[in-house]
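Colleague: Sequence and predicted structure, then a few things I'm wondering about:
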Amino acid sequence: MPYFRLRDGAELYYEKTGSGPPLFLVPGLGGDGRFWGENVAALAERFTVVVHDHRGTARSTLSHIDYSVAQMADDAVQLIEGLGFDKVHWCGHSTGGAMGQVLAIEKPERIDRLVLSATWARTDAFFRRLFEVRSRMLRELGAAAYLKASALALNMPAWVRDHDADLAAAEAKAEETIPVPEIVLSRIAAIVAHDRHTQLQSVRARTLAICARDDMVTPLYFTEELVRLIPNARAYVLPDGGHFYPGVHGAEFRRVITTFLLES
C-alpha cells in the first residue's frame, strides 16, 4: 500500500492514478479519500489524480496532536513535494477547501488552479453551533449516534430516504470508522477556528467555488462570500445534492471542474 512518511514520522495513505496534469482531490472533515468514489477513476482519464487520507483519519497515522487546518495543509504540501510535483490543481471539499485556501495564500507556488467545493472562508454562528452539537453528540452519545446525526446534515433528504440501509451499515461500523473520538473532536475544533477571510484577496490562483444550493453544512452564502473575497473567482451552484453533492451529481461535478481546469 502506498504511504508517504511526513517529517515527524507520521504516514499519509495516498493513491495516485491516471495521467495528465496533477490534480489533488482532497476530502473534508472525515478525511477519507474514498469520499470521492467513482469521481477518481473518471477524472483520471484526463488528470493524474492523487487522493489521500488526512492524518488522524482512515488509513493514515492516528496522530495524537493538536490539529489545525494549517497543519493539515502542511501535511499535504509535504506530499505534493514528496511526489515530485512543482505545482498541482487542487480540488478541496469542505475542510479540504479550507486547506486549499491556506495553500493558495501561503504556498501559492504549489497551487495551479483552485476548486473550492462546499467550503467557507470563516466560521459564523451557524457553523459554530452546528459543530458544537456534532461534537457534543460524539462526546456524550458515541460514534454511532454522531454518524447517524451527521448524515442528516451532510446529505439531502431524498438521498437519505433512498440509502437507509447504506447509512445503517456505516453506523454499525462506527467504532471502526472513529476509533479515537478525541482526534475527531480536535479536528472539529480546528475547522471551527479556520478564518482566512482577510487574506483571500491575495490569492492569485484561478479559482472556482462550487456548492449545492441546499447545503446545510456550508450554506450557499459561504460560497458567495468566497467569490466576493478572491479576485476573479467565479461560482457554480448546483440546484441540490446537499453537502455531499459530489456523490449525488458526480457527472455534473466532473464536467464543471474539468472544463474549468482545462480551459485556456
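Modeller: Structure received.

Colleague: Please count neighbours and contacts with C-alpha atoms only from this point.
Modeller: Fine.

Colleague: how about the strands of the stretch 101-250 of the chain, start to end?
Modeller: With DSSP state E, counting those that start in this stretch, the ranges of strands along the stretch 101-250 of the chain come out as 111-117, 206-212, 234-238.

Colleague: Please name whichever of the ones you listed is nearest to residue 148.
Modeller: When those are ranked by proximity to residue 148, the top entry is strand 206-212, at 21.4 Å, counting by C-alpha to C-alpha.

Colleague: partners of the closest one, with directions?
Modeller: Strand pairing for strand 206-212, using DSSP bridges, gives strand 111-117 (parallel), strand 234-238 (parallel).

Colleague: Tell me what residue 12 is bridged to.
Modeller: Judged by DSSP bridges, the bridge partners of residue 12 are residue 4.

Colleague: you'd agree it is up against residue 63?
Modeller: No: using C-alpha atoms under 8 Å, residue 12 is not in contact with residue 63, being 10.7 Å away.

Colleague: Please give the number of neighbouring residues around residue 83.
Modeller: By other C-alpha atoms under 10 Å, the residues close to residue 83 number 12.

Colleague: With residue 107 as the reference, measure out to it.
Modeller: 16 Å (C-alpha to C-alpha, to the nearest Å).

Colleague: quick one on the thing from earlier: quick check: neighbours shared by residue 12 and residue 63?
Modeller: Residues within reach of residue 12 and of residue 63 at once, by C-alpha atoms under 8 Å, 6 or more residues apart in numbering, are residue 55.

Colleague: could the strands of the stretch 101-250 of the chain go into TSV alongside mean neighbour count, mean pLDDT and distance to residue 228?
Modeller: Below are the strands of the stretch 101-250 of the chain laid out as TSV (neighbours: other C-alpha atoms under 10 Å; pLDDT from 0 to 100; distance: least, C-alpha to C-alpha, whole Å):
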stretch	mean neighbour count	mean pLDDT	distance to residue 228
strand 111-117	26	99	13
strand 206-212	25	98	11
strand 234-238	16	98	9
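
Colleague: so which of those strands gets nearest residue 193?
Modeller: Closest of the strands of the stretch 101-250 of the chain to residue 193 is strand 111-117, at 18.0 Å (criterion: C-alpha to C-alpha).

Colleague: hang on, the earlier thing: what would the strands paired with strand 206-212 look like in TSV with distance to residue 49?
Modeller: Output for the strands paired with strand 206-212, formatted as TSV (distance: least, C-alpha to C-alpha, whole Å):
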stretch	distance to residue 49
strand 111-117	14
strand 234-238	22
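
Colleague: ok, back up a step: which residue of residue 12 and residue 63 possesses the greater neighbour count?
Modeller: Comparing residue 12 with residue 63 by other C-alpha under 10 Å, the one with more neighbours is residue 12, at 26 against 15.

Colleague: Now do that one, the pLDDT please.
Modeller: pLDDT, residue 12: 98.

Colleague: repeat for residue 168
Modeller: Here the pLDDT value assigned to residue 168 is 97.

Colleague: could the strands of the stretch 101-250 of the chain go into JSON lines alongside distance to residue 181?
Modeller: Converted to JSON lines, the strands of the stretch 101-250 of the chain look like this (distance: least, C-alpha to C-alpha, whole Å):
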{"stretch": "strand 111-117", "distance to residue 181": "26"}
{"stretch": "strand 206-212", "distance to residue 181": "28"}
{"stretch": "strand 234-238", "distance to residue 181": "33"}
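
Colleague: Which one, of those strands, ends up nearest to residue 186?
Modeller: Each of those has some distance to residue 186 by C-alpha to C-alpha; the shortest is strand 111-117, at 22.3 Å.

Colleague: Pull the residues that contact the closest one.
Modeller: With contact meaning C-alpha under 8 Å, 6+ apart, strand 111-117 is reached by 87-94, 97-98, 100, 103-104, 205-211, 257, 261.

Colleague: Packing partners of the helix ranked longest in the chain?
Modeller: Criterion DSSP state H: the longest helix present in the chain is helix 125-141. If contacts are counted by 3 or more C-alpha pairs under 8 Å, 6 or more residues apart in numbering; DSSP states H and E, helix 125-141 sits against helix 143-154, helix 181-192.
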